[in-house]
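[1] Give me a 3D structure for the following:
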Amino acid sequence: MKPICIFWIKVLLLLPILNAQPSGFRALFNEKDLSGWWGLGTVNPASWIDLPEEKLAEKRKGSLEDIAKHWRVENNELINDGHGLYLTTVENFADFEFLLEYKTVPLADSGVYLRGYPQVQIWDTSETGGKWKYGAKQGSGGLWNNRPKNGWSPLVHADKPFGEWNHFRILMVGEKVTIWLNEKLVVDQATLLNYWKKSGPILSKGPIQLQTHGGEIRWRNLFIKEIH
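    The predicted model follows:
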């Protein structure tokens, strides 16, 4: 057998391992449907998180029609058409390590809300994307709503070209957030600011939201490990 054939056999054998659930983590997305998720926009989590369970269940149920219009599951991927409410975990999380992959398109502008607070920024970082004046030139992965405080601008530009999958590793402990994009450190121990009250604290527990607008975005391999 030629050496090149042996090489590709080894690559193929490794493929299932690359997408396997990492040790100590659990999946947030079952790769079949939207169980465990509901819809929410940019809303202060403090305004709804303590609602009575009956009222909260009503609120979640009322969001599902919009979610069904704009979100779908295809080939083990979560896909949004660039519109509608943001996919939001039913579960709330305190301290955690979160892994996910995303792939987006030109002009899209998305992000990941942590405990319901915006956001880990995802966007078109090219000049033609039209958002260099907002910081897009610096790359994705920064805590954009911290601007101009620490963490809003990523330490390095780590985005992959359109059409390729990007990988996030997000560590949140207390109010401190550390982020790696494609294995490069882009945010180092930055305090996530309260979008609705910059001088106030954030909740100690809240949902993860996948924010999407401006263009299609795909998500896969969503895994979380809670830190106690």
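
[2] Could you point out the longest helix of the chain?
    helix 53-70 (DSSP state H).

[3] and it, what does it pack onto?
    With contacts taken as 3 or more C-beta pairs under 8 Å, 6 or more residues apart in numbering; DSSP states H and E, helix 53-70 sits against strand 37-40. Any C-beta I mention is one placed from the backbone N, CA and C, and that applies to glycine too.

[4] what packs against the helix or strand hosting Val186?
    Using DSSP states H and E, Val186 falls within strand 184-191. If you count contacts as 3+ C-beta pairs under 8 Å, 6+ apart, strand 184-191 packs onto strand 176-181.

[5] From the rest of the structure, what touches the strand it packs on?
    Under the contact criterion C-beta atoms under 8 Å, 6 or more residues apart in numbering, strand 176-181 has outside partners 114, 120, 139-143, 151, 154, 158-159, 166-171, 185-192.

[6] Now it: buried residues?
    Buried residues in strand 176-181, counting neighbours by 16 or more other C-beta atoms under 10 Å, are found at Val177, Thr178, Ile179, Trp180, Leu181.

[7] Pipe these into TSV and attach pLDDT and distance to Leu85 per row.
    Listed next are those as TSV, based on pLDDT from 0 to 100; distance: C-beta to C-beta, whole Å:
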residue	pLDDT	distance to Leu85
Val177	98	24
Thr178	98	28
Ile179	98	24
Trp180	98	28
Leu181	98	25
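
[8] Setting aside sequence-adjacent positions, which residue approaches Leu78 most closely?
    Trp219 (4.2 Å; C-beta to C-beta, 6 or more residues apart in numbering).

[9] Wait, Gln119 touches Tyr113, no?
    Yes - Gln119 lies in contact with Tyr113 (C-beta atoms under 8 Å); the separation is 5.3 Å.

[10] Common neighbours of those two, please.
    Common contact partners of Gln119 and Tyr113 (C-beta under 8 Å, 6+ apart): Gln211.
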